[in-house]
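*Asks:* Sequence first, then the predicted structure, then my questions.
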Amino acid sequence: MSSRSDSQTALKPTFSTTDVARYCRVSGVQVTRWIKDGKLKCYRYPGGRYKITKGNFKEFLETNNIPIIEEFFESHERVRILIGEDDFDFADSLRQILEERYPEFQIEVVNDGYEALLKMGEFKPDLLILDIKMPKINGLEVCQRLKNNSTLRSIKILAITGNSRTYTREIVIDSGADEYLVKPFESEELFRNIEKLLGKKAVV
């Protein structure tokens, strides 16, 4: 059994012991036994939970002549959220809140609009949480560029701002954002908007 928790491993799509048990039609106890016997490789997720990468699970299935259902693996690709926020402390707090609520999601942070646009093509998030007042390229222009890009326009944008007088809901939505939150906001309000925009992808 591997106990690695390095960033490269953690960024891969992962499965819980419950996922594996459901797929193999066995009990969770049996899956844990496979792990302890070294038959199923895994690593420890923060908090002590077992996590199995897509590659390790497929290797286990092949070794034990269990059919591989590709649709199952495709449905477990990790949801990706990119946070664009120039306030480092707020960005860090936001990331922690999301990681606690959605431990299976992949969360990345950038601190200016230019960096956000560069990251979009590489990271390809499902959702961008974007502060509108950003350095280098402001959030309104980021929204406009994304919605005018045929490859990236499907990415959902949740705009946030602490200046609702200048950046009204109408202005922000007209620029291409899908939803709008005014700082300070409650965590539950944030979660509701995320789950509304992601739909079935946000089911945890």
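*Replies:* Done, it's in.

*Asks:* Against residue 94, how distant is residue 100?
*Replies:* According to CB to CB, to the nearest Å, residue 100 stands 11 Å off from residue 94. For every residue, glycine as well, the C-beta is placed using N, CA and C.

*Asks:* between these two, which one's more packed in?
*Replies:* residue 94 (21 against 10; other CB atoms under 10 Å).

*Asks:* Identify the residue spatially nearest to residue 139, adjacent ones excluded.
*Replies:* residue 132 (3.6 Å; CB to CB, 6 or more residues apart in numbering).

*Asks:* Also residue 138?
*Replies:* That would be residue 113: by CB to CB, 6+ apart, it lies 5.8 Å from residue 138.

*Asks:* Check which residues of the lengthiest helix in the chain are buried.
*Replies:* Identified as the longest helix of the chain according to DSSP state H is helix 88-101. Neighbour-count burial for helix 88-101 flags 90-91, 94-95, 98, 101 (criterion: 16 or more other CB atoms under 10 Å).

*Asks:* what residue ranges in the chain score low on pLDDT?
*Replies:* 1-13, 45-48, 74-77, 200-204 (pLDDT under 70).

*Asks:* where exactly do the helices run in it?
*Replies:* 7-10, 17-24, 28-36, 54-63, 70-74, 88-101, 113-123, 139-147, 169-174, 187-198.

*Asks:* of those, which approaches residue 162 most closely?
*Replies:* Minimum separation from residue 162 across the helices of the chain (CB to CB) falls at helix 88-101, 9.3 Å.

*Asks:* Give me the angle between that closest one and helix 187-198.
*Replies:* Angle of helix 88-101 versus helix 187-198, following axes from the mean of the first three to the mean of the last three CA atoms, to 10 degrees, is 70 degrees.

*Asks:* list the helices and strands helix 88-101 packs on?
*Replies:* Counting contacts by 3 or more CB pairs under 8 Å, 6 or more residues apart in numbering; DSSP states H and E, helix 88-101 packs against strand 80-84, strand 106-110, helix 187-198.

*Asks:* which other residues reach it?
*Replies:* Residues outside helix 88-101 that contact it (CB atoms under 8 Å, 6 or more residues apart in numbering): 81, 83, 85, 105, 107, 109, 111, 129, 187, 190-191, 194, 204.

*Asks:* repeat that with 7 Å
*Replies:* The list of residues contacting helix 88-101 from outside it, by CB atoms under 7 Å, 6 or more residues apart in numbering, reads 81, 83, 85, 105, 107, 109, 111, 187, 191.
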